[in-house]
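Undergrad: Sequence unavailable; structure follows:
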């Protein structure tokens with residue numbers, strides 16, 4: 001995860017350096033005329049289809065399911081119990097993972113993406129920041145708690161009934177996009193290809209305060225809390241928009257693909273053991289999308305000067 005974050009921060013630093021250099025360009029002598037730069041703001045919404053690996057991941061990890069050698073199983077709790085010892089002369093105290101019956105509906109393999117774009121245009125070149133987020137998807141609990149099933153003959157030492165919560169997940173992030181108007185700066189109908197990079201943060205709220213053990217240290221057990229857990233990803237985003245220009249207002253329809261690779265979810269203070277609980281999250285998070293967008297252009301300094309003369 002540290003490597004991916006460092007890579008993303010490096011890109012941001014280079015990008016800020018580029019912007020800073022451009023900001024000092026002179027309107028008369030620079031490589032572009034600053035008076036002709038105009039800002040814009042857009043709002044949009046799209047259908048985000050999830051790749052199968054992405055949908056399967058969300059429906060296993062978030063809903064408390066994992067793949068075991070014996071088939072699909074559920075996450076559980078680390079239960080201390082007494083069991084008869086081998087020679088039958090007494091009892092031993094042991095701890096092991098146990099689970100019980102709880103049920104959640106599957107999540108859809110698509111979701112609604114909402115976007116706010118803030119950017120600038122210079123002649124046919126455009127750049128903007130795409131601030132994107134999705135409404136949380138919720139799988140509601142069917143009961144307020146569940147009871148783990150322990151082996152026959154065992155006697156639990158302590159709690160075996162645990163609370164259940166609604167399972168939720170959502171993402172948000174930002175992409176820095178670069179685009180070119182193929183049919184000219186002010187054509188009434190334009191085709192605009194764009195590509196960019198950024199980050200995405202996926203957040204999950206699990207079904208219960210499940211237990212996890214530390215890698216190479218089975219004695220260290222952590223318990224999830226009633227909160228969201230997150231994982232960060234760097235992104236590459238590509239899209240193509242068909243835009244109708246109506247003066248300073250524009251309407252567009254667009255589609256594209258967002259390439260995402262998530263890091264491991266950080267659960268509390270240590271790396272969890274995934275040999276028994278196969279819930280790694282170095283996961284494909286790619287989506288394809290189709291949406292609509294409304295854009296409002298602000299006047300450039302050059303346009304304002306023309307209006308003042310008129």
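TA: Sure thing, it's come through. Since we're looking at a predicted model, the values are computed, not measured. Numbering: from 1, shown residues only.

Undergrad: which residues in the protein form helices?
TA: 2-23, 52-57, 301-309 (DSSP state H).

Undergrad: residues contacting residue 299?
TA: With contacts defined as Cβ atoms under 8 Å, 6 or more residues apart in numbering, residue 299 is in contact with 38, 248, 307. Any C-beta I mention is one placed from the backbone N, CA and C, and that applies to glycine too.

Undergrad: do residue 288 as well
TA: 48, 49, 51, 255, 256, 257, 258.

Undergrad: again, but for residue 177
TA: Residues in contact with residue 177 (Cβ under 8 Å, 6+ apart) are 117, 119, 126, 127, 128, 129, 130, 194, 195, 196, 237, 239.

Undergrad: Bridge partners for the fifth one, pull those for me.
TA: The residues paired with residue 128 through beta bridges, assigned by DSSP bridges, are residue 119, residue 177.

Undergrad: ok, it - contacts?
TA: Here residue 128 is in contact with 40, 42, 117, 118, 119, 120, 176, 177, 179 (Cβ under 8 Å, 6+ apart).

Undergrad: got it, and the fourth one?
TA: Applying Cβ under 8 Å, 6+ apart, one finds that residue 127 lies in contact with 119, 120, 176, 177, 178, 179.

Undergrad: from those residues, which is closest to residue 94?
TA: residue 176 (53.9 Å; Cβ to Cβ).

Undergrad: which residues sit in contact with the nearest residue to the closest one once chain neighbours are set aside?
TA: Nearest residue to residue 176, sequence neighbours excluded (Cβ to Cβ, 6 or more residues apart in numbering): residue 196, at 5.1 Å. The contact partners of residue 196, taken as Cβ under 8 Å, 6+ apart, are 130, 175, 176, 177, 178, 236, 237, 238.

Undergrad: Any figure for the gap between the last one and residue 252?
TA: Going back to what we said before, that points to residue 238. 16 Å (Cβ to Cβ, to the nearest Å).

Undergrad: Ok, the second one next?
TA: The span separating residue 175 from residue 252 equals 16 Å under the rule Cβ to Cβ.

Undergrad: Distance from the chain centre to stretch 90-110, please.
TA: 26 Å (Cα atoms, centre = their mean, to the nearest Å).

Undergrad: Can you list the buried residues in it?
TA: Neighbour counts using 16 or more other Cβ atoms under 10 Å place 97, 98, 99, 100, 102, 104, 107 of stretch 90-110 among the buried residues.

Undergrad: Now residue 132: closest residue in space, sequence neighbours ignored.
TA: Nearest to residue 132 is residue 115, by Cβ to Cβ, 6+ apart, at 4.9 Å.

Undergrad: residues contacting that neighbour?
TA: 42, 43, 44, 45, 46, 130, 131, 132, 291, 293 are the contacts of residue 115 under Cβ under 8 Å, 6+ apart.

Undergrad: Now do it, the pLDDT please.
TA: pLDDT recorded at residue 115 is 98.

Undergrad: again with residue 69
TA: Per the predicted model, pLDDT is 56 at residue 69.

Undergrad: and what of residue 21?
TA: Looking at residue 21, the pLDDT reads 41.

Undergrad: Adding distance to residue 166 and pLDDT as columns, could you present the contacts of residue 127 in CSV?
TA: CSV is the format used below for the contacts of residue 127 (distance: Cβ to Cβ, whole Å; pLDDT from 0 to 100):
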residue, distance to residue 166, pLDDT
119, 37, 96
120, 41, 96
176, 34, 97
177, 34, 97
178, 40, 97
179, 39, 97
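
Undergrad: The closest residue to residue 254 other than its chain neighbours and residue 190, how far apart?
TA: Computed as Cβ to Cβ, 6+ apart, the closest residue to residue 254 that is not its neighbour in sequence is residue 241, at 3.8 Å. Going from residue 241 to residue 190 by Cβ to Cβ gives 8 Å.

Undergrad: ok, residue 264 to residue 137 distance?
TA: Counting by Cβ to Cβ - residue 264 and residue 137 are separated by 21 Å.

Undergrad: quick one: which of the contacts of residue 177 is nearest to residue 185?
TA: residue 126 (9.9 Å).

Undergrad: Identify the residues contacting the closest one.
TA: Residue 126 neighbours (Cβ under 8 Å, 6+ apart): 119, 120, 177, 178, 179, 180, 181, 192, 194.

Undergrad: Narrow those residues to those that are buried.
TA: Buried members of the contacts of residue 126, scored by 16+ other Cβ under 10 Å, are 119, 177, 179, 181, 192, 194.

Undergrad: Find the pair from the buried residues of stretch 90-110 with maximum spatial separation.
TA: Longest span within the buried residues of stretch 90-110, Cβ to Cβ: 98 and 107, 26.0 Å.
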